[in-house]
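*Asks:* would you be able to build a 3D model of this:
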Amino acid sequence: MAGSLSAALCLTLFCLLGACIAPGARANGRHSRRDLDINLGNGNGGGISIGIGGSGGGGGGGSSGGSSGGGGDLRPCDFENERLYKAYKVIQKFRRTVTCDPQNIISSWSGADLCSTYKGFFCERPPNITDRTIASVDFNGYNLQASSLKEFVDALPDLALFHANSNNFGGAVPDLSRLQYFYELDLSNNKLSPATFPTDVLKLKNATFVDIRFNSFYGELPGGVFCSFPQVQAIFVNNNQFSGSLPDNIGDSPVNYLSLANNNFTGEIPKSIARMANTLFEVLFLNNKLSGCLPYELGLLAKATVEQLNLADNLLYGEVPNALCELAFSWSGRLRNLTLSNNYFTSLGSCCWDLIKEGKLNVDRNCIPYAPNQRSHDECAAFFHRTKTSACPCNTYVPCGHNKHSAAGAGSEQDTAAAEEDKYRTYSALHP
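*Replies:* Okay, the predicted model is just below:
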């Protein structure tokens with residue numbers, strides 16, 4: 001009798017021990033870290049990424065490791081470390097909220113091997129930490145549908161990037177301020193609840209990339225957008241329903257790529273934009289309701305590429321200043337094709353006429369005498385009759401610099417190639 005009890009006890013202990021040893025044995029059969037090194041790019045949709053950094057973990061479509069399904073049969077000892085176990089619990093909770101998955105993405109979200117088999121999830125080691133964890137999520141183009149992102153994105157404490165272009169996520173933008181490593185947010189082309197600008201985003205002091213285009217945000221753009229992100233490279237808020245004047249402190253931002261297009265902004269372009277002269281490469285103002293005169297300070301944007309300085313489809317009037325057109329002639333300027341069409345400009349600086357001849361300046365459908373393809377006299381008269389306009393300030397004379405222009409022409413092919421290589425992130429942002 002005693003012998004039978006001893007045998008039964010040994011068998012029980014062996015089974016319990018085996019349950020935790022077996023996952024370790026499975027782990028030995030995993031792909032190497034080198035095999036799993038995947039570069040996080042643009043995904044399957046139209047999302048725009050500045051880059052993930054580091055050597056990356058895994059992600060993507062292998063067969064599921066560990067236990068099948070997303071049930072509660074997995075325990076902490078099934079996972080590489082406790083961080084991944086906690087991430088697993090968060091992912092499984094979010095998985096149950098997904099109501100539409102046309103690409104069958106969430107079927108890969110099962111088992112204990114988050115770093116190599118869970119589509120859209122990528123692992124990395126946080127600074128000064130040896131354990132791997134979920135560092136980035138790339139759902140671009142997955143067309144997933146869920147009513148909210150709360151208690152998912154904000155519940156992954158080591159997350160650095162979240163890219164979710166072209167999905168159907170609803171609800172409010174989660175508060176990500178407690179995520180100490182977070183620096184890239186892309187919520188473009190979703191079904192987020194109509195709301196004013198999500199002020200919790202302004203708490204992301206490490207943000208380099210903020211993309212909320214193609215949603216239903218409305219109201220005024222807070223000044224914090226241009227002073228809360230000391231390291232920001234790109235801000236895309238186009239194709240929403242923002243309105244009101246642009247913040248006076250727009251020039252306080254170090255942003256390189258800025259798209260404000262296709263909203264309902266009104267008023268003048270702030271003169272503080274001159275302070276962006278050393279950082280701004282591309283800016284789109286097109287298709288708003290901006291009015292007034294072009295500020296002379298636009299001519300100080302020496303690094304901005306002209307095709308990206310798009311002011312079409314607004315209510316601007318007065319003279320197009322020489323200082324702006326001169327950027328297409330000088331060594332420092334990279335302007336290529338300045339677009340001012342569908343406004344109400346009435347005159348051009350002398351330098352600007354040369355740009356029209358060269359096909360670099362589009363002033364179609366304005367009110368400029370002797371320029372091609374202008375509005376009718378009656379249409380221009382009606383605008384100035386119903387619009388309270390003020391006299392534009394005199395612009396400081398800037399010589400056209402034709403000698404510079406011919407000197408620059410010798411290197412134009414090289415300049416064009418450089419521009420093509422880094423082709424126009426802001427225009428890409430005009431597509432979902």
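*Asks:* please make it C-alpha for all contacts and neighbour counts, starting now.
*Replies:* Noted.
*Asks:* contacting residues around the residue nearest to the spatial centre of the chain?
*Replies:* Geometric centre of the chain, nearest residue: D211, 3.2 Å, by Cα atoms, centre = their mean. Residues in contact with D211 (Cα atoms under 8 Å, 6 or more residues apart in numbering) are L185, D186, L187, S188, A234, I235, F236, V237.
*Asks:* could you redo the last one with a cut-off of 10 Å?
*Replies:* D211 makes contact with 47-49, 163-165, 184-189, 234-238, 259, 429, according to Cα atoms under 10 Å, 6 or more residues apart in numbering.
*Asks:* and I356, by the same measure?
*Replies:* Shown in contact with I356 (Cα under 10 Å, 6+ apart): N337, L338, N362, V363, A371, P372.
*Asks:* and what of N206?
*Replies:* Going by Cα under 10 Å, 6+ apart, N206 touches A160, S177, Q180, Y181, F182, Y183, E184, S228, F229, P230, Q231, V232.
*Asks:* if you set the cut-off to 6 Å instead, what comes out?
*Replies:* N206 makes contact with Y183 under the criterion Cα atoms under 6 Å, 6 or more residues apart in numbering.
*Asks:* now what about stretch 190-200, what contacts it?
*Replies:* Against stretch 190-200 from outside (Cα under 6 Å, 6+ apart): 166-172, 175, 215-219.
*Asks:* likewise stretch 335-348?
*Replies:* With Cα under 6 Å, 6+ apart, stretch 335-348 has contacts from 305-307, 310-320, 327-328, 360-368.
*Asks:* give me that answer again for 8 Å
*Replies:* Under Cα under 8 Å, 6+ apart, the answer for stretch 335-348 is 304-322, 327-328, 359-369, 380.
*Asks:* now do the helices in the protein.
*Replies:* 2-27, 82-95, 114-117, 322-325, 350-357, 377-386, 402-409, 412-421, 425-428 (DSSP state H).
*Asks:* got a pLDDT number for D200?
*Replies:* Predicted confidence (pLDDT) for D200: 94.
*Asks:* quick check: the gap between it and A146.
*Replies:* According to Cα to Cα, to the nearest Å, D200 stands 21 Å off from A146.
*Asks:* how about the strands in the stretch 1-150 of the chain?
*Replies:* Using DSSP state E, counting those that start in this stretch, the strands of the stretch 1-150 of the chain run over residues 98-100, 121-124, 133-138, 145-146.
*Asks:* tell me which of the ones you listed lies nearest to V255.
*Replies:* For the strands of the stretch 1-150 of the chain, proximity to V255 was assessed by Cα to Cα; strand 133-138 is nearest, at 22.7 Å.
*Asks:* what strands flank the closest one, and is each parallel or antiparallel?
*Replies:* Sheet partners assigned to strand 133-138 using DSSP bridges are listed as strand 121-124 (antiparallel), strand 161-163 (parallel).
*Asks:* among the contacts of stretch 190-200, which ones are buried?
*Replies:* Applying 16 or more other Cα atoms under 10 Å to these, the neighbour count classes S166, N167, N168, F169, G170, A172, D175, N215, S216, F217, Y218 as buried.
*Asks:* any chance of JSON lines for those residues, columns distance to F121 and pLDDT?
*Replies:* Shown next, in JSON lines, are the buried ones among the contacts of stretch 190-200 (distance: Cα to Cα, whole Å; pLDDT from 0 to 100):
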{"residue": "S166", "distance to F121": "17", "pLDDT": "98"}
{"residue": "N167", "distance to F121": "16", "pLDDT": "98"}
{"residue": "N168", "distance to F121": "18", "pLDDT": "98"}
{"residue": "F169", "distance to F121": "17", "pLDDT": "98"}
{"residue": "G170", "distance to F121": "20", "pLDDT": "98"}
{"residue": "A172", "distance to F121": "22", "pLDDT": "97"}
{"residue": "D175", "distance to F121": "20", "pLDDT": "96"}
{"residue": "N215", "distance to F121": "24", "pLDDT": "98"}
{"residue": "S216", "distance to F121": "27", "pLDDT": "97"}
{"residue": "F217", "distance to F121": "28", "pLDDT": "98"}
{"residue": "Y218", "distance to F121": "31", "pLDDT": "98"}
